[in-house]
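# need a structure here:
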Amino acid sequence: MKPGKTGFTRIIAATGYSWQGLRAAYQHEAAFRQELFLAVLLVPLAFWVGENGLESSVLIGSLFIVLIAEILNSAIEAVVDRFGHEHHELSGRAKDMGSAAVFLALLNVAISWLLIFFF
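Now for the predicted structure:
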């Protein structure tokens, strides 16, 4: 085990790193900003559309999954780009799979909202 922060100090440091990651996603990723804007608009609507806490949590949770997927996709792209911009099959595959994760998360939002809204 590598030496480092432990206990509450580690939690504080981890929170700072997470905040840095959120700021970086917001500053450098247009897709994250767009999806965050969508979430800011839809979260209040989720409380109105959802008939109970479970439905509202599904609607809100689906939006958070998109944000999580977008951050992970951006992290994959950053690591791949760090090693160069020349085309490599594995690099392309990694980026495509990250993009597919975001697509599936967005599809999850659409299905969740449609099912709860119309049924």
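# Report the spatially closest residue to I76, excluding sequence-adjacent ones.
Of all residues not flanking I76 in the chain, G98 sits nearest, at 4.2 Å (CB to CB, 6 or more residues apart in numbering). Backbone N, C-alpha and C define where each C-beta goes, glycine included.
# Flag every buried residue along whichever strand or helix holds the one you found.
Per DSSP states H and E: G98 is located in helix 89-118. The neighbour-count check on helix 89-118 (16 or more other CB atoms under 10 Å) flags 91, 94, 98-99, 101-102, 105-106, 108-109, 112-113, 116 as buried.
# and what of stretch 37-48?
Using 16+ other CB under 10 Å as the test for burial, stretch 37-48 gives 39, 42, 46.
# quick one: the first one and I65 touch, right?
Pointing back at A39 there. No - in this structure A39 lies outside contact range of I65 using CB atoms under 8 Å: 10.4 Å.
# and the nearest residue to V102 once chain neighbours are set aside, what helix or strand is that in?
The shortest distance from V102 to any non-neighbouring residue, by CB to CB, 6+ apart, is to A69 (4.7 Å). Using DSSP H and E, A69 sits within helix 53-82.
# which helices and strands does that helix pack with?
The elements that helix 53-82 packs onto, with contact taken as 3 or more CB pairs under 8 Å, 6 or more residues apart in numbering; DSSP states H and E, are helix 7-28, helix 30-49, helix 89-118.
# Distance-wise, check W113 relative to E55.
Distance, W113 to E55, by CB to CB, to the nearest Å: 10 Å.
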